[in-house]
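Q: No sequence on hand, only this structure:
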């Protein structure tokens, strides 16, 4: 692809495809009680496995799809196929099933979803040329808006019939597949294919590659605290209703989405490492304050977290691609999403354990979000230190 990369209109269509791909992932979240707990007659702990199974599928599939795509070279076709498979699996979840089968299908759905997202982002990064920051910024904005809108809309359409969220999710994914088939860039010649063992060896022994993956893990680890602990903090400690909880989450996600494109453009000209580390430090400090500040202060703190998240997300992707030029970009994206999936998988149970360790209530959430914020700060400092090491010859 030419150095001038993708035009803005094409980037916007790719952002729209990402929005449609991400929206179904959070449609069922607000109605988990009816969709999972009451439907299968299980407890809260087993209900949380619905989200954990999705991330387990993503964790297992991310490195595999990257390597398969690099070997076959047919990433565009695989992306559309993975999206269609995701739609079929979402529909299958709405049919009568026992709970183990339901979780197995949910794991497969997470694998199909991360495959589609990884391939879309890899193709975009390859085709964007020197405009990679703004192209991934559009994709990042679509990703975040999809998560935010899905959570908001899911609560409304699934209020009386939770299974309706799965039917709608399947239809939206069909639309995502159709749009992807039209707007995805053409396949390009991939970099040299690496085996899984060689890729893991590169991650272990190349400090410059470890740094952005470490931050991808830390970022999604803290996101696990927000998905599992933040609504419970607002409801149980501050007495907030569902509407207020949704507005506070929107105050976080909307600045994140709206600033992803400007942050991507900024990262085309400014040092990515500095943007990523600065954003991570500021985000980590803000996260540590979530369990400390009075409720009124959250209206200022949540936008702050959204702004600093935007400073991290796309620049981290660009930093990884910059630091791993010998890797196929889809493989690099797969490694990024694999690290993130592992962080998100570990975040919610760690949040629950820390809240329990802190005695529950306000003290428990103060400890949990304090540790989450410090983990992000520690990740930023370690990433800065490891990034100063020269790549192995």
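A: Everything's here; your move. Being a predicted model, the structure only gives us computed values, none of them experimental.

Q: which regions of the stretch 101-250 of the chain lie under the pLDDT threshold?
A: When residues are selected by pLDDT under 70, those of the stretch 101-250 of the chain lie in 130, 188-208, 242-243.

Q: Which parts of the stretch 1-150 of the chain are helices?
A: Here the stretch 1-150 of the chain has its helices, by DSSP state H, counting those that start in this stretch, at 8-26, 32, 38-40, 44-47, 49-72, 75-93, 99-128, 132-157.

Q: With respect to residue 338, which of those lies nearest?
A: Closest to residue 338 of the helices of the stretch 1-150 of the chain is helix 49-72 (C-beta to C-beta; 3.6 Å). Glycine gets a C-beta too; all of them are placed from N, C-alpha and C.

Q: for that closest one, packing partners?
A: The contact analysis (3 or more C-beta pairs under 8 Å, 6 or more residues apart in numbering; DSSP states H and E) places helix 49-72 against helix 75-93, helix 99-128, helix 196-205, helix 329-357.

Q: redo that, cut-off 6 Å
A: helix 99-128, helix 329-357 (3 or more C-beta pairs under 6 Å, 6 or more residues apart in numbering; DSSP states H and E).

Q: Using a markdown table, please lay out the helices of the stretch 1-150 of the chain together with distance to residue 293 and mean neighbour count.
A: Supplementary listing: these in a markdown table, determined by distance: least, C-beta to C-beta, whole Å; neighbours: other C-beta atoms under 10 Å:
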| stretch | distance to residue 293 | mean neighbour count |
| --- | --- | --- |
| helix 8-26 | 26 | 22 |
| helix 32 | 28 | 20 |
| helix 38-40 | 35 | 15 |
| helix 44-47 | 27 | 13 |
| helix 49-72 | 27 | 22 |
| helix 75-93 | 38 | 22 |
| helix 99-128 | 34 | 24 |
| helix 132-157 | 22 | 23 |
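
Q: how about those helices in a markdown table, adding distance to residue 230?
A: A markdown table is the format used below for these (distance: least, C-beta to C-beta, whole Å):
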| stretch | distance to residue 230 |
| --- | --- |
| helix 8-26 | 14 |
| helix 32 | 15 |
| helix 38-40 | 24 |
| helix 44-47 | 17 |
| helix 49-72 | 14 |
| helix 75-93 | 26 |
| helix 99-128 | 22 |
| helix 132-157 | 12 |
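
Q: Which one of these lies nearest to residue 310?
A: Of these, nearest to residue 310 by C-beta to C-beta is helix 132-157, at 7.7 Å.

Q: what angle sits between the closest one and helix 99-128?
A: Calculated by axes from the mean of the first three to the mean of the last three C-alpha atoms, to 10 degrees, helix 132-157 forms an angle of 150 degrees with helix 99-128.

Q: how big is the angle separating helix 132-157 from helix 8-26?
A: 40 degrees.

Q: Tell me the first helix or strand C-terminal of helix 132-157.
A: helix 164-183 (DSSP states H and E).

Q: Which residues does that following helix contact?
A: Residues outside helix 164-183 that contact it (C-beta atoms under 6 Å, 6 or more residues apart in numbering) are 13-14, 17, 20-21, 23-24, 27-28, 31, 79-80, 83-84, 86-87, 90-91, 93-94, 154, 157-158.

Q: Outline the domain layout of this protein.
A: 9-185, 202-393 (automatic domain parsing).

Q: For the shortest one, measure first residue to last.
A: I take that to be domain 9-185. End-to-end span of domain 9-185 (C-alpha to C-alpha, to the nearest Å): 13 Å.

Q: Arrange the helices and strands packed on helix 49-72 in a markdown table, one row each, with distance to residue 182 as further columns.
A: A markdown table is the format used below for those (distance: least, C-beta to C-beta, whole Å):
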| stretch | distance to residue 182 |
| --- | --- |
| helix 99-128 | 13 |
| helix 329-357 | 20 |
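
Q: So for residue 257, which of those sits nearest?
A: Closest among the helices and strands packed on helix 49-72, using C-beta to C-beta: helix 99-128, at 15.8 Å.

Q: The closest one versus helix 164-183: what angle between them?
A: 30 degrees.

Q: From the contact counts, what lies against helix 99-128?
A: Against helix 99-128 (3+ C-beta pairs under 6 Å, 6+ apart) you get helix 49-72, helix 75-93, helix 132-157, helix 329-357.
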